[in-house]
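1. Okay, sequence plus prediction incoming.
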Amino acid sequence: RLGLLALPFWLTLTVTGLLWFVEKLRHRREPWSRTLHEAEPSPTLLRVLCGVVVVLFLLEVWGATTDRNFKATGTTIPGRQYLDRDQPVRLEVLPR
């Protein structure tokens with residue numbers, strides 16, 4: 001659940017790193033002292049990276065909302081029905 005909340009930030013950092021790296025490759029002859037703020041990425045590159053971000057985001061949303069059918073076994077917390085997360089837990093996928 002936390003991954004879905006942090007996903008936009010993770011994707012933004014990933015795209016920023018990719019932009020920086022691609023711009024450095026495009027301007028190999030120039031010194032590496034240029035910063036990301038001075039780089040002007042091409043509109044085509046921005047469109048491609050935005051497309052990748054949208055596809056990754058849709059895959060994450062699809063994976064988070066898909067019906068899962070599994071059985072979890074392990075040690076329960078004494079007096080409760082919850083599994084003890086500090087002990088080994090075995091997840092078994094059930095057939096549909």
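-> Looks like it came in fine.
2. contacts, neighbours, all on C-alpha from now
-> OK.
3. Look up the pLDDT of Glu92 for me, please.
-> Glu92 is assigned a predicted lDDT (pLDDT) of 90.
4. is it in a bridge, and if so with what?
-> With DSSP bridges as the criterion, Glu92 is bridged to Lys71.
5. ok, so what distance separates it from Cys50?
-> Remark: distance between Glu92 and Cys50 (CA to CA, to the nearest Å) = 36 Å.
6. Which of the two has more residues huddled nearby?
-> For Glu92 versus Cys50, neighbours defined as other CA atoms under 10 Å are more numerous around Cys50 (15 against 11).
7. now the more buried one, what's its secondary structure?
-> helix (DSSP: H, G, I helix; E, B strand; the rest coil).
8. how about the strands of the protein, start to end?
-> All strands of the chain, identified by DSSP state E, fall at 70-74, 89-93.
9. Make CSV out of the ones you listed and add distance to Leu58.
-> CSV is the format used below for the strands of the chain (distance: least, CA to CA, whole Å):
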stretch, distance to Leu58
strand 70-74, 23
strand 89-93, 24
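10. what's the closest of those to Arg26?
-> Proximity to Arg26 (CA to CA) singles out strand 89-93 among the strands of the chain, at 46.8 Å.
11. quick one, longest helix in the chain?
-> Counting residues, the longest helix found in the chain (DSSP state H) is helix 2-26.
12. Give me the buried positions along the helix or strand of the chain with the lowest mean pLDDT.
-> None of the helices or strands of the chain scores lower by mean pLDDT, DSSP states H and E than helix 2-26, at a mean of 78. Within helix 2-26, the residues scored as buried using 16 or more other CA atoms under 10 Å are 11, 15, 19-20, 23-24.
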